[in-house]
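> Give me the fold of what follows.
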Amino acid sequence: MQDAFSSPEHQRRHQPPYDPLYPPPHSSPHPFPHHTSPAHLTYPWQPQPQPPEPERKRQPRHHALGRHSDIRVLRGAYRRQRRVATLTALGYFTLFLFLSAFAPGLMASEVSGGLPTGLLLGLLQVPVTCLAIGLYEYTARRRVDPIADRIRRQTQLDAKREAAR
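The predicted structure is shown next:
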């Protein structure tokens, strides 16, 4: 005789939901047989495999380029170069604006032949800007470029040494 608890319909209704971590004993979610071990660790207390240690490379004799003292010197020389050229051009223009705003009598006075001082100072803005550009190029050739060339040569030597290893 079959009771209500052993009927297939009752077992189907009251079967616990399928849990992928704990499959029922009669079915296996894995396609491989039970006698093979899984590729992953099944228990958290098992020792974890240690990755192999990477090969230690010889450290170069020189510091990394970001910390190299020549880089700091190059940055400082380039910063001074930019400041001098910028302050030359902007300083003159600021002086022109300051005189225009606060000394209109001076700017309206005539220099010679009916030429006002303000117009003369305004026209001088172009040569002053050219002077700032020339100053920028001069300091680049004299101070910044030699440092950059030295760093470039050192970097090329380091790259050749690294490639030879």
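> Going by C-alpha atoms from here, please, whenever you check contacts or count neighbours.
Noted.
> Next secondary structure after the helix or strand of the chain with the lowest mean pLDDT?
Lowest mean confidence among the helices and strands of the chain (mean pLDDT, DSSP states H and E): helix 8-13, at a mean of 60. On the C-terminal side of helix 8-13, the closest following helix or strand by DSSP states H and E is helix 69-102.
> Counting by contacts, list what that following helix packs against.
The helices and strands touching helix 69-102, judged by 3 or more Cα pairs under 8 Å, 6 or more residues apart in numbering; DSSP states H and E, are helix 104-108, helix 117-123, helix 125-139, helix 145-164.
> hmm, who's touching the second one?
Counting contacts by Cα atoms under 8 Å, 6 or more residues apart in numbering, the residues outside helix 117-123 that touch it are 96, 100, 106-111.
> give me that answer again for 7 Å
96, 106-111 (Cα atoms under 7 Å, 6 or more residues apart in numbering).
> ditto for the third one
By Cα under 7 Å, 6+ apart, the residues outside helix 125-139 that reach it are 81, 85, 88-89, 93.
> now it against helix 145-164, angle please.
Helix 125-139 and helix 145-164 are oriented at 40 degrees to each other (axes from the mean of the first three to the mean of the last three Cα atoms, to 10 degrees).
> Check which residues of helix 125-139 are buried.
Judged by neighbour count (16 or more other Cα atoms under 10 Å), helix 125-139 contains these buried residues: 125, 128-129, 132, 135-136, 139.
> Save those residues as JSON lines, and put in pLDDT and distance to residue 51 too.
Formatted as JSON lines, the buried residues of helix 125-139 follow (pLDDT from 0 to 100; distance: Cα to Cα, whole Å):
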{"residue": "125", "pLDDT": "93", "distance to residue 51": "68"}
{"residue": "128", "pLDDT": "92", "distance to residue 51": "66"}
{"residue": "129", "pLDDT": "92", "distance to residue 51": "63"}
{"residue": "132", "pLDDT": "90", "distance to residue 51": "60"}
{"residue": "135", "pLDDT": "88", "distance to residue 51": "58"}
{"residue": "136", "pLDDT": "91", "distance to residue 51": "55"}
{"residue": "139", "pLDDT": "88", "distance to residue 51": "54"}
